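S.K.: From the sequence below, what's the structure:
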Amino acid sequence: MKTPLRVVFDCNVYFQAFVSERGPAAALLAEAVSGSLALYVSEVVLGEVVDVLNRPHLAAKFRYDAQRVQAFADKLRQIATMIDNPPHVFEFPRDPDDAHYIDLAVAAKARLVVSRDEDLLSLRDTGTEAGRDLVARFPELTILTPPEALALVRNP
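M.R.: Numbers count the residues shown, from 1 in each chain. Prediction:
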C-alpha cells in the first residue's frame, strides 16, 4: 500500500463536507477515513470548525443540531492526526487568520492544503509577495480546491 498523501483542510472544506455528503469535500473526507489521505488538524482548526458549525443561522438553514456537530468533531478527532500548537512559520498579511493553515501544513509535513478560501488560494499566485514566499520556503506544499484535490487523489 502506498503512503497516504498528507493533507490539511481549511474550515470551509470541513463545513462543505458536513452539510453536503455528495460534494468533493465529503469525498475527500471519505478518502481520509479510508486511509488514502492522512489528514492533519490542530485545536485551532477544530475549534474554528465547531464554532462555525454551531452558528444558529447555519444550523437553521442546513437543519442540523449541536449533537450532530459534536459527532462530527468526534469523528475528526478519530480520523485526523492532531498537531498541538504548530509553530508560527508563515506571515500572511492579506489574511493573518489563515496563516495557521500553512503553519499546520508545514508542521505536519503535508503536501496539500485544501481550501475554497480566496485568500488562501491567492497564495498560488507567484506574482504576489506572499505567493513567492510560500513557494520559495515550502516548495513541496500545494494549495488546491476540493475538486482539484479530489482529481489528484483519484488520478495521481
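S.K.: Please enumerate the strands of the chain.
M.R.: Using DSSP state E, the strands assigned to the chain run over residues 5-9, 37-41, 81-82, 112-114, 142-144.
S.K.: Mean neighbour count, distance to Ala130 and mean pLDDT for the ones you listed - can I get that in JSON lines?
M.R.: All C-beta atoms are positioned from the backbone trio N, CA, C, and that covers glycine. Shown next, in JSON lines, are the strands of the chain (neighbours: other C-beta atoms under 10 Å; distance: least, C-beta to C-beta, whole Å; pLDDT from 0 to 100):
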{"stretch": "strand 5-9", "mean neighbour count": "25", "distance to Ala130": "17", "mean pLDDT": "98"}
{"stretch": "strand 37-41", "mean neighbour count": "21", "distance to Ala130": "22", "mean pLDDT": "98"}
{"stretch": "strand 81-82", "mean neighbour count": "12", "distance to Ala130": "27", "mean pLDDT": "98"}
{"stretch": "strand 112-114", "mean neighbour count": "27", "distance to Ala130": "13", "mean pLDDT": "98"}
{"stretch": "strand 142-144", "mean neighbour count": "21", "distance to Ala130": "11", "mean pLDDT": "98"}
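S.K.: now the ones you listed as a markdown table including distance to Ala25?
M.R.: Shown next, in a markdown table, are the strands of the chain (distance: least, C-beta to C-beta, whole Å):
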| stretch | distance to Ala25 |
| --- | --- |
| strand 5-9 | 8 |
| strand 37-41 | 12 |
| strand 81-82 | 19 |
| strand 112-114 | 8 |
| strand 142-144 | 12 |
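S.K.: I'd like the mean pLDDT over the helix ranked longest in the chain, please.
M.R.: Using DSSP state H to assign secondary structure, the helix with the most residues in the chain is helix 66-79. For helix 66-79, mean pLDDT rounds to 98.
S.K.: can you pull the pLDDT of Asn155?
M.R.: pLDDT, Asn155: 86.
S.K.: Can you give me the distance of it to Ile102?
M.R.: Asn155 sits at a distance of 26 Å from Ile102 (criterion: C-beta to C-beta, to the nearest Å).
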